[in-house]
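In: Need a 3D model of the sequence below.
(one chain, ligands or ions: 1)
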Amino acid sequence: MASNDTTYDAIVLGAGHNGLILQAYLGKAGMKTLAIERRAVAGGGLSTLEDPRRPGFLHNTHAFFLRAVTAMPWYADLELERHGAHFIEPELNVVLITGDGRALEWWTDIGRTIDSFAAFSARDADTLRRWHDEFVPIVAHILAPEARSPPLPPEERRALLERTSAGRRLLAVSALSPLQFVEQEFEHPTIKAGLLFFNGLREVDLRLPGFGHHIAALLASPAKAQMSRGGSAALARALEAAVRETGGEIRLKTEPRRIVVEGGRAVGIETAEGELIRAKHLVASSLNPQQTFLDLIDEGLLTRDLRERAQRFQYNLLAPLFALHLNLGEPPRYRASADHPELARAFMVILGLDHVDRIGDIVRHHEAGTIPPTVMWGACPTLFDGSQAPPGRHTAFMWEKLPYRVDGDAANWDRLRDEHGRAMLRLWQDYAPNLADTVVDSFTRTPLDVERELPNMRAGDLLVGAFANDQVGYHRPFAGAGNYRTHLPGLYLCGASSHPGGNITGLPAYNAAQVILSDLGLAADWLPPPIAAQLAMV
Ligand SMILES: Cc1cc2nc3c(=O)[nH]c(=O)nc-3n(C[C@H](O)[C@H](O)[C@H](O)COP(=O)(O)OP(=O)(O)OC[C@H]3O[C@@H](n4cnc5c(N)ncnc54)[C@H](O)[C@@H]3O)c2cc1C
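Out: You can find the predicted model right below:
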């Protein structure tokens, strides 16, 4: 085994956005850092590809709708605008277009959203206003700070929340499932469908008690969907620049073979090529628990109990996505624009979801491994950012939640992809007839492609782990590894399998950075007050 002369202070496994954010914070704290990334490019889910057959057409093959990135603490702390990031937040943020041409609209301005709800149901519009107003302070003072902090043990959290009326209210609403919340509070089937769809976007099982507050929090959250100018990968390039400014190094096309442990402490890694790279202070893994604990740690260094917990870590049944990407001569022109001209500037568009019953269909089909009636959502990025296509041309995409093991085996996707892509295009044309004549080129991406490209997204789970009661907060990924620390001193977790979970939030890394700095006794001007103190002030 060849030993590298250079010893780093910290090694980060995986250079997705979480790995890069942690690396940049550690670099800011004066540490000499190295990230190890298996792909030829850093960024993980922040990926933008140029169509190899049609130069100039850019496609965001993973994350595209980036929620409130500009409001994330790391966005300011790492000065990402100085490093080239730029975000766009379209006003007509989300629209659900029904088969008969109505439009349920979510605007960045809550007043306009309430007006749109009122066109479907005056009672539901009032209910929306009531929950919005009640949950704005709960989101601001409890849920947002909790997402941005290492989680508290559940008993301590409950005791703190029970001390305040806002905390007690949150606990009471949480006791419901999202489905119970929506059934109890709203009446119109399209509104119920839209709300449960949003819940599904965050992959919370709508039948699970303990998550009833999710929809109220979404209604009240100031966090809207944004897009990165130049494509999602532009955010990855800004993060890389922030890392490099601190002297951090990113080693591409490299995989770890094992985490090296000496004297009961993680002291470095051995690469697949057999090179030993040492870390003076820590190794942090942004990979999933099976990769970190089962693939990379010698079996003898894990108790049987820990091994079983890592093995049992569950992935989301409803998370995998199938994508249809189009190169276009002109943007989709929706039939419903005749009555809703504002649709010409709509950002996220949802199609095929007229009735709440469709949500139940989707769940049932995922459980059976079969293809449900199509409900899909997507955008035309070039309406807001002309740099993602040649002049005067456009790109657009639609995503559909489809089972990973289709007809019992994920390998079936390679056979089914073209046929399913055509079915999605036919449905899209029903809503936007001009697509029949303006498609220049197209390609599809299946749930299996996602796992092939990013193996941490096991079974195509883009959130890298289910949100079930025993895999959230202090117990994510599992009890005993839920505070970014592991059983091995010097080994930390920092990816989407840790609190608060997947999507481009950067918060697992932001929180891991807080824990690591505290363990090393390092101070930093960006550290937020401890969450217990913040909750005590509510
Ligand atoms: C199709 C799709 C659409 C999505 N849409 C959205 C969206 O609109 N909005 C949103 O917020 N999120 C979206 N997501 C989810 C989001 O991309 C992920 O939740 C997020 O990327 C997780 O970030 P991460 O840094 O923890 O992991 P990743 O981004 O997956 O990064 C992990 C990194 O580790 C690397 N890696 C994996 N295994 C190894 C190994 N053995 N050795 C070395 N390196 C390794 C990977 O190559 C990757 O670079 C989408 C995901 C997909 C797949």
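In: how about residue 93, phi and psi?
Out: phi -70, psi -40 (degrees, to the nearest 10).
In: sorry, that was for residue 378
Out: phi -180, psi -160.
In: Could you list every helix and strand in contact with the helix or strand containing residue 156?
Out: Using DSSP states H and E, residue 156 sits within helix 154-161. On a contact count with 3 or more CB pairs under 8 Å, 6 or more residues apart in numbering; DSSP states H and E, helix 154-161 meets helix 165-174, helix 531-536. Backbone N, C-alpha and C define where each C-beta goes, glycine included.
In: Average pLDDT for that helix, rounded please.
Out: Across helix 154-161, pLDDT averages out at 96.
In: what pLDDT does residue 521 get?
Out: In this model, residue 521 carries a pLDDT of 97.
In: How about residue 5?
Out: 57.
In: Please apply the same query to residue 81.
Out: 98.
In: can you count the residues close to residue 229?
Out: 18 (other CB atoms under 10 Å).
In: Which residue comes closest to it once chain neighbours are left out?
Out: residue 86 (4.2 Å; CB to CB, 6 or more residues apart in numbering).
In: gap between the one you found and the ligand?
Out: Separation of residue 86 from the ligand (CB to the nearest ligand atom, to the nearest Å) stands at 17 Å.
In: go on, residue 248?
Out: Counting by CB to the nearest ligand atom, the gap from residue 248 to the ligand is 15 Å.
In: residue contacts, that residue?
Out: By CB atoms under 8 Å, 6 or more residues apart in numbering, the residues touching residue 248 are 23, 24, 26, 27, 33, 34, 35.
In: Need the three-state assignment for residue 75.
Out: helix (DSSP: H, G, I helix; E, B strand; the rest coil).
In: So what's the residue count around it?
Out: 20.
In: do the one 3 residues further on as well
Out: Residue 78 has 28 neighbouring residues, counting by other CB under 10 Å.
In: that older thread, can you say which of the helices and strands packed on helix 154-161 is nearest to the ligand?
Out: helix 531-536 (21.1 Å; CB to the nearest ligand atom).
In: can you give me the strands in the stretch 201-350 of the chain?
Out: 225-228, 249-251, 256-262, 265-271, 275-285, 321-328, 348-351 (DSSP state E, counting those that start in this stretch).
In: which residues does residue 406 contact?
Out: 369, 370, 371, 412, 413, 416, 447.
In: Wait, the last one touches residue 318, no?
Out: Same thing as residue 447. No. Taking contacts as CB atoms under 8 Å, residue 447 lies outside contact range of residue 318: 11.1 Å.
In: Which residue of the two possesses the greater neighbour count?
Out: Between residue 447 and residue 318, counting by other CB under 10 Å, residue 447 is the more crowded of the two (25 against 20).
In: Quick check: that one vs the ligand, distance?
Out: Distance from residue 447 to the ligand, by CB to the nearest ligand atom: 8 Å.
In: got a pLDDT number for residue 184?
Out: 96.
In: burial of it, as a residue count?
Out: Per other CB under 10 Å, the neighbour tally for residue 184 reads 9.
In: Check the gap between the residue nearest to it when sequence neighbours are not counted and residue 170 for me.
Out: Spatially, and ignoring its direct neighbours in sequence, residue 184 is nearest to residue 176 (7.2 Å; CB to CB, 6+ apart). Going from residue 176 to residue 170 by CB to CB, to the nearest Å gives 12 Å.
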